[in-house]
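# Quick one, structure for this:
(chains A, B, C and D)
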Number of protein chains: 2
Amino acid sequence: MTAHQGENPLSLDNQLCFAIYAASRAVTGLYRELLADMELTYPQYLVMLVLWEHATMPVKDLGAALRLDSGTLSPLLRRMEERGLLRRSRSAEDERVVLVALTEEGAALRERALDIPARVLRGTGIPADKAEELRGLLDRIAEYAGGSGTYAAR
Amino acid sequence: MTAHQGENPLSLDNQLCFAIYAASRAVTGLYRELLADMELTYPQYLVMLVLWEHATMPVKDLGAALRLDSGTLSPLLRRMEERGLLRRSRSAEDERVVLVALTEEGAALRERALDIPARVLRGTGIPADKAEELRGLLDRIAEYAGGSGTYAAR
DNA sequence: CTCAAACCAGTTGTGCACAATCAAATTGTG
DNA sequence: CACAATTTGATTGTGCACAACTGGTTTGAG
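Residues are numbered from 1 along each chain as shown, chains lettered A, B, ... in the order given. Below is the predicted model:
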């Protein structure tokens, strides 16, 4: 498989980007199973990862950490608030800022998530040493492409 | 950056999967710019890649190639048909099968897409030799995780 | 031949992503 | 102080993804 399509620059099998796209969806599918009993989606789980490290933070910082804008985060956070995982409140010092704060229920969920990274890594079939190298390359792509990406063409 | 967070298994920065997820969105953003003047989205471009190699094929095979189901492909193909890039028709031999066929307009678009892979690869900042290795690892993840993923837990 | 099982595409409903736009709050400058 | 520019989050609209379901078609066991 993935035969060398030779000259064709538009062959699907030759495209690094399709591999990233397909792998991303496959990994999200893995998480879907592992997160099902916590009733979290993968993006919601990412929000929890950040909040488990910083119990309270502005929406803006959350967006910077996950590289998501308010159009994505606002409804996502609303659903998580309705589920009781977090609360949102306007900052007293700056009324423009909305602070996202973990509830006790949200904080308690951390324990049930502790083994997820290891289980997912097994699910990918990637040895730990390769994973490190792979992550480095992908971070580089996200930084490079993301930098001149969404905001770009200046 | 991406400091070694040490022990914390739930640190965002340590997660290979977030790197895949973020890189995927960053790359999609790159394509968004390059495909804008063709008025194609990235998934639509992927459909075109397949059709440029096989001018006519069943929806099922298209889904197998891109790992997308009919819930995604049906409305996507409908929009592309409305735009005149392709036509859909029931197979004569098997009325269950819908054949997707490139129109002349769709085939003609290929020329304008020829330089896109090279431009995207530059946009990722990944040298060509690393790209090959990266693609191999990602294919493995997609196969491994996708295999026991969407359909899985048998 | 019959009819139950499998197959294929489409539809519905939910949840991201992201561009574009908006309103409210804050900041900086004169 | 006045007020234009900036910041912040929300809202609207479009387009994926995917689970669950539907309806028409084909296949195959008996």
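
# For chain A, which residues are neighbours of DNA strand D?
A:21, A:25, A:28-29, A:32, A:58-60, A:63, A:70-71, A:73-75, A:77-78, A:88, A:94, A:96-98 (Cβ under 7 Å from any atom of the strand). From N, CA and C alone the C-beta is placed, and that goes for glycine too.

# Which ones among the residues you listed lie within strands?
Among those, the residues falling in strands (DSSP state E) are A:Pro58, A:Arg88, A:Val98.

# Now do the same contact list for the spatially closest residue to A:Tyr31 that is not a sequence neighbour.
Nearest residue to A:Tyr31, sequence neighbours excluded (Cβ to Cβ, 6 or more residues apart in numbering or on different chains): A:Tyr42, at 4.5 Å. Shown in contact with A:Tyr42 (Cβ atoms under 8 Å, 6 or more residues apart in numbering or on different chains): A:Thr28, A:Tyr31, A:Arg32, A:Leu35, B:Tyr21.

# let's see it at 10 Å
Contacts of A:Tyr42 were listed using Cβ atoms under 10 Å, 6 or more residues apart in numbering or on different chains, and they are A:Ser24, A:Val27, A:Thr28, A:Gly29, A:Leu30, A:Tyr31, A:Arg32, A:Leu34, A:Leu35, B:Cys17, B:Phe18, B:Tyr21.

# Using CSV, please lay out those together with neighbour count.
Output for the contacts of A:Tyr42, formatted as CSV (neighbours: other Cβ atoms under 10 Å in any protein chain shown):
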residue, neighbour count
A:Ser24, 25
A:Val27, 27
A:Thr28, 20
A:Gly29, 20
A:Leu30, 26
A:Tyr31, 23
A:Arg32, 15
A:Leu34, 18
A:Leu35, 20
B:Cys17, 27
B:Phe18, 24
B:Tyr21, 25
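
# and which of these is nearest A:Pro9?
A:Pro9 lies nearest to A:Ser24 out of those, by Cβ to Cβ, at 22.8 Å.

# Next, the contact list for that closest one, please.
Contacts of A:Ser24 by Cβ under 10 Å, 6+ apart are A:42, A:138, B:17, B:19-25, B:27-28, B:138, B:141-142.
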